[in-house]
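1. Below is the structure, and that's it, no one-letter string:
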């Protein structure tokens with residue numbers, strides 16, 4: 001019952017409009033990443049995101065929420081899946097509706113080709129992000145249900161840290 005209530009709150013809150021005057025990012029867009037992170041590793045089955053150093057050492061580890069239908073590789077727009085494979089963090093959005101966001105370079109050429117062969121749109125806009133603006137108070141409660149549309153979600157405090165540590169161009173590997 002408790003998880004059903006949390007899921008309902010998250011789903012309804014995700015659909016709520018964002019106040020135009022909300023202070024979107026607590027971390028300045030110009031803040032240079034602190035470095036040291038060589039790879040982002042996401043293990044979907046473990047609901048874990050790890051920041052790895054040059055020698056593969058785990059520098060930081062976070063519990064995550066995924067898309068509403070997380071099993072398997074993303075196939076098309078709207079399937080609720082988080083992609084699997086090797087991509088890159090290629091840009092960031094300090095004005096995100098979900099407390100900062102780092103864009104994952106999905107779809108790549110292979111994803112696009114496979115979707116085109118099926119006559120489908122592969123989707124896109126897959127991000128690592130915090131909570132929907134105004135819902136940061138949910139904190140770690142968000143991790144009890146997969147609630148995104150295919151993105152990877154962490155708490156706002158964790159997103160502030162990831163934002164500082166992960167530069168654009170960082171490889172990301174997403175495993176089942």
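-> Yes, it's here. Quantities reported herein were computed from a predicted structural model and do not represent experimental measurements.
2. Pull out the buried positions in stretch 62-79.
-> Buried positions in stretch 62-79, judged by neighbour count with 16 or more other CB atoms under 10 Å: 62, 64, 65, 66, 67, 68, 70, 73, 74, 75, 76, 79. Just so you know, the C-beta spots here come from the backbone N, C-alpha and C atoms, and that holds for glycine as well.
3. quick one: the helices in this structure?
-> All helices of the chain, identified by DSSP state H, fall at 2-14, 109-118, 156-165.
4. Compile the buried residues of stretch 62-79 into TSV and extend it with columns for distance to residue 145.
-> Below are the buried residues of stretch 62-79 laid out as TSV (distance: CB to CB, whole Å):
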residue	distance to residue 145
62	16
64	12
65	7
66	10
67	11
68	8
70	11
73	21
74	19
75	22
76	22
79	18
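5. farthest pair in those?
-> 62 and 76 (27.5 Å; CB to CB).
6. From residue 37, how far off is the closest residue to residue 93 other than its chain neighbours?
-> Closest residue to residue 93 apart from its sequence neighbours, by CB to CB, 6 or more residues apart in numbering: residue 101 at 4.6 Å. Distance, residue 101 to residue 37, by CB to CB, to the nearest Å: 17 Å.
7. Show me which of those two is the more surrounded one.
-> residue 101 (25 against 22; other CB atoms under 10 Å).
8. pLDDT value on the more buried one, please?
-> You'll see residue 101 listed with a pLDDT of 97.
9. same deal with the one 3 residues further on?
-> As summarised for this prediction, residue 104 has a pLDDT of 98.
10. what's across from it in the sheet?
-> residue 89 (DSSP bridges).
11. OK, contacts around it?
-> 83, 87, 88, 89, 90, 126, 127, 128, 152, 172, 174 (CB atoms under 8 Å, 6 or more residues apart in numbering).
12. need those in a markdown table with neighbour count, can you?
-> Shown next, in a markdown table, are the contacts of residue 104 (neighbours: other CB atoms under 10 Å):
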| residue | neighbour count |
| --- | --- |
| 83 | 26 |
| 87 | 21 |
| 88 | 16 |
| 89 | 22 |
| 90 | 14 |
| 126 | 25 |
| 127 | 24 |
| 128 | 27 |
| 152 | 27 |
| 172 | 24 |
| 174 | 23 |
